[in-house]
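1. starting from these lines, generate the structure:
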Amino acid sequence: MRVGIVGRFGNGSVLLNGQTIKTKNLEAGLKKYTTFDIREVDSFGCLKRPGQLVKDLKQTFKGCFAIIMLPAQNGILLFAPLLFFFKILYKKRIFYDVIGGWLPAYLTKRKWLSFILKKFDGIWVETSSMKSVLEIMGFTNVSVIPNFKDLKPLTKSELVYPTGIPYRFCTFSRVMKEKGIETAIEVIKEVNEQLGYTACALDVYGQIWEESKVWFEELQDEFPDYVQYKGAVEADKSVEVLQNYFALLFPTRFYTEGIPGTIIDAYAAGIPVISAKWESFADVVDDGKTGIGYEFDNREAFKNVLLNVAQNPKVILDMKPNCVEKAKNYLPETATDEITEKFRGGV
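-> The predicted model follows:
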């Protein structure tokens, strides 16, 4: 049986954004854990080749019994109506695998798009809070399939317990202002200054967003010696890189994050998360067990958390076994079993 995936595969480019990673993880998970034959339709650069896109979609709908789409905010305006047209034309099943948590707010001013999406055979969201909001908006075809990564979590005996100062923190996401990286650096500086010694160090990982290159170069010029940029990390190396850190910092400014892949990486590596409480925070982080949250966009609260853990590191270290246990929730085996069930008739 053949399944079509319409998403951002990257057309041979090295893309480490959430949309590309989730698209590729879905394909890899279905190939590894199901017997489905997968057909790709790459949305990357599709506006430059509209004729080829339509041809690819026609072939996919003719040859597949179900199609999954994974567009981002701009792409959904094109792909939702286009794929709905093909659904009617070829009488095939269509599912929308949502990336992040932005969809409900996006739909409030686009009633026509809501009408189309309500006709899909299923909308798969990452968190129960997002499902609840969409159901309030009248959707009856929504189910929860968490974001996942094909990682091998550390066992509890493999956990690394770093000792001594400075405590090594990291960020592990796209390098852009909206991910709160500048805030993390500034707060680390303030904590060290207030304590009077270098209690905290920060390593920044991730692909630098094209629009953020000038900003980040200027930021790097002001780095103290305990802050470093370490570049991008290949997906299969994340656990290896992260396992030696004290904690992951996630001071995101995106209130509508879904299940951030960086937190899945952190859990698999056994490192707790210090995070802004974005909209779906409680779906992902067990506050006080797998991480510590602070009020969204509250810099002083962020600082107070770091001051506390710098002086009471056991608070963080005791969470490490909980993290690798939590990582099991985001393995592909469970998600692909659920997807297979959806193809049998559920939403």
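2. so which residue is smack in the middle of this structure?
-> Against the mean C-alpha coordinate of the chain, by CA atoms, centre = their mean, the closest residue is residue 260 at 2.9 Å.
3. what's across from the nearest residue to that residue once chain neighbours are set aside in the sheet?
-> For residue 260, ignoring the flanking residues on the chain, the nearest one in space by CB to CB, 6 or more residues apart in numbering is residue 250 at 6.6 Å. Any C-beta I mention is one placed from the backbone N, CA and C, and that applies to glycine too. Per DSSP bridges, residues listed as beta-bridge partners of residue 250: residue 275.
4. residue 269: what's it in contact with?
-> The contact partners of residue 269, taken as CB atoms under 8 Å, 6 or more residues apart in numbering, are 153-154, 238-239, 241-243, 245, 323.
5. if we use 6 Å, what do you get?
-> 239, 242-243 (CB atoms under 6 Å, 6 or more residues apart in numbering).
6. sort out which of those residues are in helices and list them.
-> When DSSP state H is applied, these are split such that 239, 242 fall in helices.
7. in CSV: the contacts of residue 269, plus distance to residue 204 and pLDDT.
-> As requested, those are exported to CSV (distance: CB to CB, whole Å; pLDDT from 0 to 100):
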residue, distance to residue 204, pLDDT
239, 18, 97
242, 13, 98
243, 18, 98
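8. follow-up on the earlier one: looking at the residue nearest to the centre of the chain now. What's its pLDDT?
-> As summarised for this prediction, residue 260 has a pLDDT of 92.
9. number of nearby residues for residue 119?
-> 12 (other CB atoms under 10 Å).
10. re earlier: how far away is the residue nearest to the centre of the chain from residue 182?
-> 18 Å (CB to CB, to the nearest Å).
11. what of residue 43?
-> Summarising the geometry, the distance separating residue 43 from residue 182, computed by CB to CB, is 31 Å.
12. comparing the two, which shows the higher neighbour count?
-> In this view residue 43 and residue 182 are compared by other CB under 10 Å, and residue 43 has more residues nearby, 26 against 16.
13. tell me where the model's unsure across this structure.
-> 11-16, 346-347 (pLDDT under 70).
14. apply 80 and report the result again.
-> 10-18, 47, 344-347 (pLDDT under 80).
15. where exactly do the strands run in it?
-> Under the criterion DSSP state E, strands of the chain are mapped to 2-7, 37-42, 66-69, 93-97, 122-125, 142-144, 167-172, 200-205, 227-231, 247-250, 273-276, 291-294.
16. tabulate the ones you listed (CSV), appending distance to residue 75.
-> Putting these into CSV (distance: least, CB to CB, whole Å) gives the following:
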stretch, distance to residue 75
strand 2-7, 9
strand 37-42, 12
strand 66-69, 9
strand 93-97, 11
strand 122-125, 15
strand 142-144, 20
strand 167-172, 25
strand 200-205, 27
strand 227-231, 28
strand 247-250, 25
strand 273-276, 27
strand 291-294, 31
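17. please identify the most buried of these.
-> Scoring the strands of the chain by mean neighbour count under mean count of other CB atoms under 10 Å gives strand 247-250 as the most buried, with a mean of 28.
18. so which elements touch it?
-> Secondary structure elements in contact with strand 247-250, counted by 3 or more CB pairs under 6 Å, 6 or more residues apart in numbering; DSSP states H and E, are strand 167-172, strand 273-276.
19. can you give me how far it is from the chain middle?
-> Taking CA atoms, centre = their mean, to the nearest Å, one finds the center of strand 247-250 at 14 Å from the center of the full chain.
20. can I get it in PDB, CA atoms only?
-> The C-alpha atoms that make up strand 247-250 are tabulated as PDB, following Å, rounded to 0.1, in the frame of the first residue of the first chain:
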ATOM      1  CA  ALA A 247      20.500  21.500  31.300                       C
ATOM      2  CA  LEU A 248      18.900  22.700  28.000                       C
ATOM      3  CA  LEU A 249      17.700  26.300  27.900                       C
ATOM      4  CA  PHE A 250      14.500  27.000  25.900                       C
END
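21. much appreciated, bye for now.
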